[in-house]
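Visitor: Quick one: sequence plus predicted model below, questions after.
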Amino acid sequence: MPNFRATVRFLDLVGPDVLAVRKALEDRLQQSGAGKWRVVDVAPEKGARRQGATVRWRTDRDIAAKLMLTGAAMWALWFFWTLVD
């Protein structure tokens, strides 16, 4: 008889932190007698945001364009300055 592998997503897991939720989930699975299992990952929902500093370079995505424009403007100033001399 062939073996199969299933991926199951549990929603609405509530707890104070990731470790507490993982421990509660492992306890429930152990009590259910579901055979061989392994909890691979427990992550907060995407709607839940962590508090802290935001990453500056991710909010300013067009920094490369700004740097290129600044470089082109500086080169143009240098070129015309040397042309005047």
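Guide: Happy to help now that I have it. Residues are numbered from 1 along each chain as shown.
Visitor: What is the neighbour count of residue 20?
Guide: Residue 20 sits with 13 neighbouring residues when counted by other CB atoms under 10 Å. Heads up, the C-betas are built off the backbone N, CA and C, glycines and all.
Visitor: what does residue 39 give?
Guide: Counted with other CB under 10 Å, residues neighbouring residue 39 total 12.
Visitor: Point me to the residue sitting farthest from the middle of this protein.
Guide: Taking CA atoms, centre = their mean, the residue of the chain most remote from its mean C-alpha position is residue 85, at 53.0 Å.
Visitor: who's in contact with that one?
Guide: Counting by CB atoms under 8 Å, 6 or more residues apart in numbering, residue 85 touches no other residue.
Visitor: before we move on, what about residue 39?
Guide: Residue 39 neighbours (CB under 8 Å, 6+ apart): 22, 25, 26, 29.
Visitor: Save the residues you listed as CSV, and put in distance to residue 12 too.
Guide: Formatted as CSV, the contacts of residue 39 follow (distance: CB to CB, whole Å):
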residue, distance to residue 12
22, 15
25, 12
26, 17
29, 16
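Visitor: So which of these are in helices?
Guide: 22, 25, 26, 29 (DSSP state H).
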